[in-house]
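Participant: how does the following fold in three dimensions:
(one chain, ligands or ions: 1)
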Amino acid sequence: MRCPFCSEVVDRVIDSRSARDHREIRRRRECLECGRRFTTREKMEEILPKIVKRDKRREEYDRLKIEHSLQKACAKRPVSEDELQLLVDNVEHALQEVSEAEISTDFVGLKALEGLVLLDKLAAARFASVFRSFESAEDYEEFFASLQKKD
Ligand SMILES: [Zn+2]
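Facilitator: Now for the predicted structure:
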């Protein structure tokens, strides 16, 4: 990132936080050359890796997509909108941490599933049924059995 004061490109990030309804991230930066501080705003889609779908097509990360599938899974379940938003935040943090240019849709689904299991197991089963294309009752049984193993 180029310093707006001295145009050097050496800087360090002091603080990061998402802003504007999670659509962008604000980073407080300090120029290592002149020591001045400035703030940058980056869109989430620019920071997070591209998502590789199962058919190998790439698309930009879209928070709304994951939100919608989680909301569907949580319909009439005791999971609050706040809990859901926090869960998506955590998924985004995980995506940032892998720091890859591309990441599979399965990784996103798995991260969401891991968080959802802790909130509500039935909602997690619903989410898994879509994300892993469950076809039979046995698939659900296997899913719940795998949860018990972890408990
Ligand atoms: Zn500077």
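
Participant: any idea how far the residue nearest to Lys53 when sequence neighbours are not counted is from Gln96?
Facilitator: Spatial nearest neighbour of Lys53, chain neighbours left out: Thr105 (5.1 Å); criterion: C-beta to C-beta, 6 or more residues apart in numbering. Bear in mind the C-beta positions are built from the backbone N, C-alpha and C, glycine included. Using C-beta to C-beta, to the nearest Å, Thr105 is found at 17 Å from Gln96.

Participant: buried stuff in the helix or strand of the chain with the lowest mean pLDDT?
Facilitator: Lowest on mean pLDDT, DSSP states H and E among the helices and strands of the chain sits helix 44-47, with a mean of 77. For helix 44-47, a neighbour-count test (16 or more other C-beta atoms under 10 Å) marks 44, 47 as buried.

Participant: around the ion, pick out the residues from the protein.
Facilitator: By the rule C-beta under 5 Å from the ion, the part of the chain lying against the ion is 3, 5-6, 8, 31, 33-34.

Participant: please redo it, this time with the cut-off set to 8 Å
Facilitator: 3-8, 11, 31-36 (C-beta under 8 Å from the ion).

Participant: returning to what we had before: which one's more surrounded, Thr105 and Gln96?
Facilitator: Thr105 (17 against 14; other C-beta atoms under 10 Å).

Participant: who's in contact with that one?
Facilitator: The contact partners of Thr105, by C-beta atoms under 8 Å, 6 or more residues apart in numbering, come to 51-54.

Participant: among those residues, which lie within strands?
Facilitator: 51-52 (DSSP state E).

Participant: with only the CA atoms kept, save stretch 69-86 in CSV.
Facilitator: Output in CSV follows, covering the C-alpha atoms of stretch 69-86 (Å, rounded to 0.1, in the frame of the first residue of the first chain):
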residue,chain,number,x,y,z
SER,A,69,-27.9,-20.7,2.9
LEU,A,70,-27.4,-20.4,6.6
GLN,A,71,-30.6,-18.5,7.1
LYS,A,72,-32.5,-21.3,5.3
ALA,A,73,-30.8,-23.9,7.4
CYS,A,74,-31.7,-22.0,10.6
ALA,A,75,-35.4,-21.3,9.7
LYS,A,76,-37.5,-21.8,12.8
ARG,A,77,-34.4,-22.8,14.8
PRO,A,78,-33.2,-20.9,17.9
VAL,A,79,-30.3,-19.2,16.2
SER,A,80,-30.4,-15.4,16.3
GLU,A,81,-29.5,-13.1,13.4
ASP,A,82,-26.6,-11.8,15.5
GLU,A,83,-25.2,-15.3,16.0
LEU,A,84,-25.5,-15.9,12.3
GLN,A,85,-23.7,-12.8,11.4
LEU,A,86,-20.9,-13.6,13.8
